[in-house]
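Visitor: Kindly generate the corresponding structure for this input.
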Amino acid sequence: MNKFNQGFSLVIPTYNEAANIEDLCSLVVNVLSKNNIDFEVIIVDDNSPDQTWLIAQKISAKDKRIKVIRRMNKKGLATAVVEGWKNAKGDILGVIDSDLQQPPEAIPFLLDKLNQDESVDIVIASRNIKGAPASKRNIWRRFVSSSGAFICAFLLPKLPRLSDPMSGFFVLRKEVIHNKALSPWGYKILLEVLVRGDYKKISEAPYVFAERKKGGSKAGIKQYLISFLYFLKLGVQSRMGLKSLR
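Guide: Sure thing, here's the model as predicted:
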């Protein structure tokens with residue numbers, strides 16, 4: 001990895017991830033420290049009934065690079081990410097899921113791609129890009145991902161064509177969303193960034209999506225419906241000229 005001189009703020013949105021948060025924090029801290037990256041980790045927890053926030057606070061007490069935001073009256077992965085970014089000090093922002101299905105070991109590679117080309121403002125970890133190792137996702141998850149990409153391309157034809165526009169694992173320059181009114185629904189924060197943000201180029205990098213080992217998945221019919229309605233909202237805005245999409 002090339003020398004990375006900018007501060008990096010990684011947001012981890014959590015809800016009922018008590019079984020995973022300690023292991024994830026350990027992996028993230030080890031990877032970023034080993035690569036000499038100046039970082040902070042911001043855990044944004046939606047007042048988890050399993051007290052994920054309490055475990056995170058205990059971790060934070062031992063490592064001041066880890067910060068915790070406990071949201072008492074709000075819920076939603078995408079809005080949790082926005083909340084974390086608002087409190088971030090780094091010039092480079094990132095997000096990773098809290099279920100250990102996305103490898104923290106890939107973060108330095110994403111940052112390196114951002115570091116190598118000043119015209120690249122967003123680097124997305126993709127499950128679908130050519131050259132990605134075989135994914136461990138089941139058939140249903142593959143179908144949902146492919147269908148989501150197809151729906152995005154149909155409803156939002158002016159957006160950049162990406163292999164994984166539903167990815168929840170990416171890094172970006174802070175200027176991309178500076179002073180932008182982000183109002184995402186559900187789990188799809190990347191789409192909000194692509195629609196509202198200011199950026200020049202986007203790069204994608206492959207990674208292996210692992211199966212969840214601990215805890216329960218939040219991805220269900222309700223979330224898929226919310227995501228579909230969100231796609232429709234963005235599509236309507238695009239066609240009515242309420243927002244100039246790329």
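Visitor: going forward, measure contacts between C-alpha atoms and count neighbours the same way
Guide: Fine.
Visitor: how much space between residue 86 and residue 169?
Guide: 18 Å (CA to CA, to the nearest Å).
Visitor: so where's the chain shaky on pLDDT?
Guide: By pLDDT under 70, the low-scoring segments of the chain are 1-3, 130-158, 215-246.
Visitor: Contacts only, for residue 48.
Guide: When contacts are counted by CA atoms under 8 Å, 6 or more residues apart in numbering, residue 48 touches 14, 15, 16, 17.
Visitor: Now for those residues, which sits with the most neighbours around it?
Guide: residue 14 (27 neighbours; other CA atoms under 10 Å).
Visitor: Tell me which of residue 86 and residue 169 has more neighbours.
Guide: residue 169 (23 against 11).
Visitor: Please state the backbone phi and psi of that one?
Guide: For residue 169, the backbone dihedrals (degrees, to the nearest 10) come out as phi -140, psi 100.
Visitor: How about it: what's its closest non-neighbour residue?
Guide: Using CA to CA, 6 or more residues apart in numbering and skipping the chain neighbours, the partner closest in space to residue 169 is residue 96 (4.8 Å).
Visitor: Am I right that the one you found is in contact with residue 168?
Guide: Yes: between residue 96 and residue 168 there is a contact under CA atoms under 8 Å: 6.3 Å.
Visitor: helix or strand for residue 11, which one?
Guide: Using DSSP states H and E, residue 11 sits within strand 8-14.
Visitor: Kindly apply the preceding question to residue 94 instead.
Guide: Element membership for residue 94, per DSSP H and E: strand 92-95.
Visitor: quick one, strands of the chain?
Guide: 8-14, 39-45, 66-70, 92-95, 120-126, 170-173, 201-206 (DSSP state E).
Visitor: Out of the ones you listed, which gets nearest to residue 109?
Guide: With CA to CA as the measure, strand 201-206 is the member of those nearest residue 109 (8.3 Å).
Visitor: Buried residues of the closest one, list them for me.
Guide: Within strand 201-206, the residues that qualify as buried are 202, 203, 204, 205, 206, counting by 16 or more other CA atoms under 10 Å.
Visitor: Put together a markdown table for those residues, with distance to residue 32 on each row.
Guide: Shown next, in a markdown table, are the buried residues of strand 201-206 (distance: CA to CA, whole Å):
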| residue | distance to residue 32 |
| --- | --- |
| 202 | 23 |
| 203 | 21 |
| 204 | 20 |
| 205 | 18 |
| 206 | 19 |
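Visitor: List just the nearest of those residues to residue 108.
Guide: Nearest member of these to residue 108, counting by CA to CA, is residue 205, at 11.5 Å.
Visitor: and the nearest residue to that closest one once chain neighbours are set aside, how many neighbours?
Guide: Take residue 205 and drop its neighbours on the chain: the residue closest to it by CA to CA, 6+ apart is residue 125, 4.9 Å away. Neighbourhood size, residue 125 [other CA under 10 Å]: 30.
Visitor: Residue 117 now?
Guide: There are 11 residues near residue 117, going by other CA under 10 Å.
Visitor: how near is it to residue 104?
Guide: Distance, residue 117 to residue 104, using CA to CA: 22 Å.
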